[in-house]
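J.: Sequence and predicted structure, then a few things I'm wondering about:
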Amino acid sequence: MVLGMSLSTLTTVHVVVSLIGLASGALVLRDMLRSKQAAGLTAVFLLTTAGTTVTGLLFPSTRLGVGHVTGALSLVVLVPTLMALYGYRLAGPWRGIYASGATAALYLNVFIGVRQAFAKSATVQLLAPPLDVTQLVTLAIFVGLGVLAVKRFRPCAAPLVRIRLPAAPV
């Protein structure tokens, strides 16, 4: 039992949250490449990415593994990413910090997803290139996407509305 859940329930919750994080992250990255931002979708991505990391770290283990290290890196990446978006509102250099951080957080989720696919599926092992090659290709793709996201992501702020108040009577 972990937090009152059976290991089976924890696994189900972790997988569902992970899949939502991966899907929403892909859409957030797509939007960044188009210089757009959907606030709700971004919040879902960041929340589920944090949730994936936390639930992943809850699995019982007797040794430090790749998942633990990746989870810790994900949390480290999420802190400045969240600060950039919610604390500094993407002002100045924080826009690039957000774009690179969100891309890195998604990559770390994909990295673990690829490892899990290889570990759990004989079909993937047969049809895909070796794990190390697949991970290098995935990293190269995300580095390229991250560079593009930093260059292209310039969301428009809502225009300021100036309201003219009537002059006070003299």
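T.: Received, thanks.
J.: switch to C-alpha atoms for all contacts and neighbour counts from now on
T.: Fine.
J.: which residues of the protein fall in helices?
T.: Ranges of helices in the chain, per DSSP state H, are 7-33, 39-57, 66-82, 94-120, 122-127, 131-152.
J.: how about those, which one is nearest residue 1?
T.: Of all those, helix 7-33 sits nearest to residue 1, with 6.1 Å by CA to CA.
J.: what angle sits between the closest one and helix 39-57?
T.: For helix 7-33 against helix 39-57, the angle by axes from the mean of the first three to the mean of the last three CA atoms, to 10 degrees is 140 degrees.
J.: Could you name the helices and strands sitting against helix 7-33?
T.: helix 39-57, helix 94-120, helix 131-152 (3 or more CA pairs under 8 Å, 6 or more residues apart in numbering; DSSP states H and E).
J.: need the contact list for residue 108.
T.: 70, 74 (CA atoms under 8 Å, 6 or more residues apart in numbering).
J.: coming back round to it: rebuild the helices and strands packed on helix 7-33 as a markdown table, extending it with distance to residue 5 and mean pLDDT.
T.: Formatted as a markdown table, those follow (distance: least, CA to CA, whole Å; pLDDT from 0 to 100):
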| stretch | distance to residue 5 | mean pLDDT |
| --- | --- | --- |
| helix 39-57 | 11 | 96 |
| helix 94-120 | 22 | 97 |
| helix 131-152 | 32 | 97 |
